[in-house]
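Q: Sharing a model prediction with you, sequence too.
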Amino acid sequence: MITVSKDAQEQVLAYFDGKEVQPVRIFLNSGGCGGPGLAMALDQATDKDAVFTHGGVDYIMEKELLEKAAPVQVDYTDMGFRLDSSLELGNGCNSCGSDGGCGT
């Protein structure tokens, strides 16, 4: 299941203001120094996708990934979109170097 907060839905609809509404894909991005994470992009659904409609917008995700990640929550904060799921993903960048020294 994919749920979308009111704040996230408002931001998505604001993006489409004056444009044709397109499906929003949630996918696993390989990421940078922080490792993999969920991301969003415009895309079309295929027969391998699950589709959840919220407020006139289709949110799509590969069924196989959704089975591993469910439930998926889309939210919007002052830092931008936040996607949460049951997947155990990276902890983010370590600015202390590869040995994790941090002055110890």
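A: The structure has been received and is ready for your questions.

Q: The chain: helices as residue ranges?
A: Assignment of helices within the chain using DSSP state H yields the ranges 6-15, 63-69.

Q: residues contacting V74?
A: 2-5, 8, 26, 40, 59, 81-83 (CB atoms under 8 Å, 6 or more residues apart in numbering). Every C-beta, even on glycine, is put in place using the N, C-alpha and C of the backbone.

Q: Equivalent analysis for D78, please.
A: Taking CB under 8 Å, 6+ apart, one finds nothing in contact with D78.

Q: Which pLDDT value goes with E88?
A: Looking at E88, its pLDDT is 80.

Q: how near is it to K19?
A: 36 Å (CB to CB, to the nearest Å).

Q: In TSV, list the helices of the chain along with distance to T53 and mean pLDDT.
A: What follows is these, written out as TSV (distance: least, CB to CB, whole Å; pLDDT from 0 to 100):
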stretch	distance to T53	mean pLDDT
helix 6-15	11	97
helix 63-69	15	95
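
Q: so which of those comes closest to G35?
A: The closest of those to G35 is helix 63-69. By CB to CB, the value is 15.0 Å.

Q: Run through the neighbouring helices and strands of the closest one.
A: In terms of contacts (3 or more CB pairs under 8 Å, 6 or more residues apart in numbering; DSSP states H and E), helix 63-69 is packed against strand 24-29, strand 49-54.

Q: ok, and for it, which residues are buried?
A: By neighbour count, and taking 16 or more other CB atoms under 10 Å as the criterion, the buried residues in helix 63-69 are 65-66, 69.

Q: residue ranges with poor pLDDT in this structure?
A: Across the chain, the ranges flagged by pLDDT under 70 are 32, 90-104.

Q: and with 90 instead?
A: 30-36, 87-104 (pLDDT under 90).

Q: still on that earlier bit, can you add distance to D49 and give the helices of the chain back as a markdown table?
A: Listed next are those as a markdown table, based on distance: least, CB to CB, whole Å:
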| stretch | distance to D49 |
| --- | --- |
| helix 6-15 | 18 |
| helix 63-69 | 6 |
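
Q: I appreciate the help and will end here.
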